[in-house]
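>>> Kindly generate the corresponding structure for this input.
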Amino acid sequence: MDEEYYPQDSFTQHSMSEPSEVQRAINNSVIQEERVNNFISQTSPVSSLENINYMLQGFSYNRSQKEWTKISKGIPEQMRNDIIQFITPDLSEDTRMTNLNADQINGIMETVISFMSHYLYNAPEDMEIKDLNKIFWIVIKAVFITITRSREGVERNRLYSSLTLGGSLDNSHLPEENKNWWKFWS
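Take a look at the predicted model:
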């Protein structure tokens, strides 16, 4: 008996071996979305806030074991809550996605430095100066890193451009930075 030839079988085999243009476009969209989600999760200021909260409780992140390990008693709970409450607006997605200029960033940093200096100056007397310094620098660095991502809308622009067809998370097109605008340090 002769084998019968069905044109549909040939079409099915061909379509299974090579994705169609539509399927390729869908795959590219999925890959792009995964890249954006990965970018957002890695740079999230909410993660920074959670990390600071753990650090102020006396934990340190062990990268090899990928877990938080208790290394000290941490700071008093009321003090930790006050600090977290104060820096939460600065360590938010809203702040990260804004378009801040140098004067606005300097103003935010001056406020954070002033608050932390005054707050830690009035800390419980049993706290050691090295612990107070550590708390100060953890908070200052976290806020500074987060809000500088908002300078001129750089991070917002990177994220939105990655959402467009053919966009990328590459920042090679960004203008050269003027390093003289960090006024709050003086």
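>>> Okay, helices next: where are they in this protein?
7-17, 21-43, 45-56, 77-87, 93-96, 102-121, 129-148, 154-163 (DSSP state H).
>>> Quick check: phi and psi at D90.
Backbone torsions for D90, taken as degrees, to the nearest 10, come to phi -80, psi -30.
>>> Do I have it right that T88 meets S48?
No - contact criterion C-beta atoms under 8 Å: T88 and S48 do not qualify, at 10.7 Å. C-beta: built from backbone N, CA, C; applies to glycine.
>>> Show me which of these two is the more surrounded one.
Neighbour count, other C-beta atoms under 10 Å: between T88 and S48, S48 has more, with 19 against 13.
>>> Next one: S47 from I138, what distance?
With distances taken as C-beta to C-beta, to the nearest Å, S47 is found 14 Å from I138.
>>> Neighbour count: the two, which is higher?
Using other C-beta under 10 Å, the more surrounded residue of S47 and I138 is I138, with 16 against 13.
>>> Please tell me I have it right and that one contacts I52.
Yes - in this structure I138 lies within contact range of I52 using C-beta under 8 Å: 6.0 Å.
>>> For E34, grab the count of nearby residues.
For E34, using other C-beta under 10 Å, the count is 10.
>>> going forward, begin numbering at 34 instead of 1
New numbering, starting at 34: the last item is E67.
>>> quick one: pLDDT of it?
In this model, E67 is scored at 76, pLDDT.
>>> ok, now which ones touch it?
The contact partners of E67, by C-beta atoms under 8 Å, 6 or more residues apart in numbering, come to none.
>>> What residues sit buried inside stretch 88-96?
Neighbour-count burial for stretch 88-96, counted by 16 or more other C-beta atoms under 10 Å, picks out 88-89, 91-92.
>>> Closest one of those residues to H151?
Within the buried residues of stretch 88-96, the smallest distance to H151 is 17.6 Å, found for L89 (C-beta to C-beta).
>>> Leaving out sequence neighbours, find the closest residue to the closest one.
What sits nearest to L89 in space, not counting adjacent residues and going by C-beta to C-beta, 6 or more residues apart in numbering, is R113, at 4.5 Å.
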